[in-house]
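[1] here you go, sequence then predicted model.
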Amino acid sequence: MNTPRKTALITGASFGIGMEFARIFAREGYNLVLVARSADRLRQLAAELEKAHGARSLILAADLSDPGAPAYVLDQTTRADIPIDMLVNNAGFGQYGYFAENDLEECLRQIQLNVTALTHLTRLYLPAMIERSSGRILNVASTAAFQPGPLMAVYFATKAYVLHFSEALANELHGTGVTVTCLCPGATATEFHKRANATSMKLLKFGSMDAAVVAEDGYRALMAGKPVVISGVKNWLLAQSVRFSPRRLVTAIARKTQE
């Protein structure tokens, strides 16, 4: 007897880490709900994954910085009668520059996407997972979550929220059959830094991780039920080092790497 495929919902699936997550879940036998702004990119990805792995995809072209988008996503999966077994909150973006000079609307959209949409989607899909005593949630934060980030103040702050929110949920859900994992990558070769207008920052001179490697690290941690995973040994050392350093020094060093 064939076991019905489970379904993974992935936000920010049109490029980078999100796209690699889609490839991994398709490879592992999941059907997909792919969410991103670009319908064309999602259609291309869905065709690739159906041909390679037989995965079926529901494509939802939605801008999750729109406050109504998470409810739209839930409505579409409900109408299609698709229970979500895996929720990957990957969508997010950053903005480089002095906070006082940055575009206010971009700052607010950043918070809406990185924090509010992630929280909203988690709250919408979590109760059904608890009721089934089965489900996994992966929230993508960053090594930025471990320290303040001058010149990307809002982005670093949003990722600190994602980390702490995820760790708290993981604790609350102990014994329910549902797990929450927070993935914290460092600099990764995606379109992120171009979108943030931050391609010249010093941090990138130390090299970037491959998005596929980061996604594999996240997937393994998710399936193992780990609350937090930091992708890459250098990134792990960096995240640990800030725990024992004076906060003013940590902030100053973060400023230097951002410049």
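    Thanks, I have the structure now.
[2] all helices of the stretch 1-150 of the chain, in order?
    16-27, 39-53, 69-79, 104-111, 118-132 (DSSP state H, counting those that start in this stretch).
[3] sorry, slip of the keys, the one I care about is the stretch 151-259 of the chain.
    For the stretch 151-259 of the chain, the helices defined by DSSP H, counting those that start in this stretch cover 153-172, 192-195, 211-224, 233-241, 247-258.
[4] weakest of these by average pLDDT?
    Across the helices of the stretch 151-259 of the chain, helix 192-195 has the smallest mean pLDDT, namely a mean of 54.
[5] which one of the helices of the stretch 1-150 of the chain lies closest to residue 226?
    helix 16-27 (16.0 Å; CB to CB). Every C-beta, even on glycine, is put in place using the N, C-alpha and C of the backbone.
[6] mind giving me the packing neighbours of the closest one?
    For helix 16-27, the contact count by 3 or more CB pairs under 8 Å, 6 or more residues apart in numbering; DSSP states H and E identifies strand 7-11, strand 31-36, helix 39-53, strand 86-89, helix 211-224 as packing neighbours.
[7] contacts for the second one next, please.
    The contact list for strand 31-36, computed with CB atoms under 8 Å, 6 or more residues apart in numbering, reads 5-15, 18, 22, 25-26, 42, 45-46, 49, 55-62, 64, 73, 77, 82, 84, 91.
[8] same deal with the fourth one?
    When contacts are taken as CB under 8 Å, 6+ apart, the neighbours of strand 86-89 outside the stretch itself are 6-11, 18, 21, 25, 30, 117-118, 121-122, 125, 135-140, 162, 222.
[9] point to the residue nearest the middle of the protein.
    In the chain, the C-alpha nearest the mean C-alpha coordinate belongs to residue 90, at 2.2 Å (CA atoms, centre = their mean).
[10] tell me if I'm right that that residue and residue 18 touch.
    Yes - using CB atoms under 8 Å, residue 90 is in contact with residue 18, at 4.2 Å.
[11] what touches both of these two?
    Joint contacts of residue 90 and residue 18 (CB under 8 Å, 6+ apart) are 10, 11, 12.
[12] quick one, what contacts the first one?
    In this case it means residue 10. 18, 21, 22, 25, 32, 33, 34, 35, 88, 90.
[13] ok, back up a step: and the residue nearest to the centre of the chain, what are its phi and psi?
    Phi and psi for residue 90, reported as degrees, to the nearest 10, are phi -110, psi -30.
[14] what's the spacing between it and residue 12?
    4 Å (CB to CB, to the nearest Å).
[15] give me the common contacts of these two.
    Joint contacts of residue 90 and residue 12 (CB under 8 Å, 6+ apart) are 18, 140.
[16] so residue 29 sits against residue 5, correct?
    Yes - counting by CB under 8 Å, residue 29 touches residue 5, with 6.0 Å between them.
[17] more neighbours: those two, which one.
    Remark: of residue 29 and residue 5, residue 5 carries more neighbours, 16 against 12, as counted by other CB atoms under 10 Å.
[18] list the contacts of that one.
    29, 30, 31, 55, 56.
[19] report pLDDT for it.
    pLDDT at residue 5 comes out at 91.
[20] any idea how far residue 30 is from it?
    Taking CB to CB, one finds residue 5 at 6 Å from residue 30.
[21] please apply the same query to residue 124.
    19 Å.
[22] same question, residue 165
    Residue 165 sits at a distance of 25 Å from residue 30 (criterion: CB to CB).
[23] those two: who's more crowded?
    residue 30 (23 against 18).
[24] could you pull up phi and psi at the more buried one?
    The phi/psi pair for residue 30 (degrees, to the nearest 10) is phi -90, psi 150.
[25] which ones are touching it?
    Applying CB under 8 Å, 6+ apart, the residues contacting residue 30 are 5, 6, 7, 8, 55, 85, 86.
[26] nice, that's everything, thank you.
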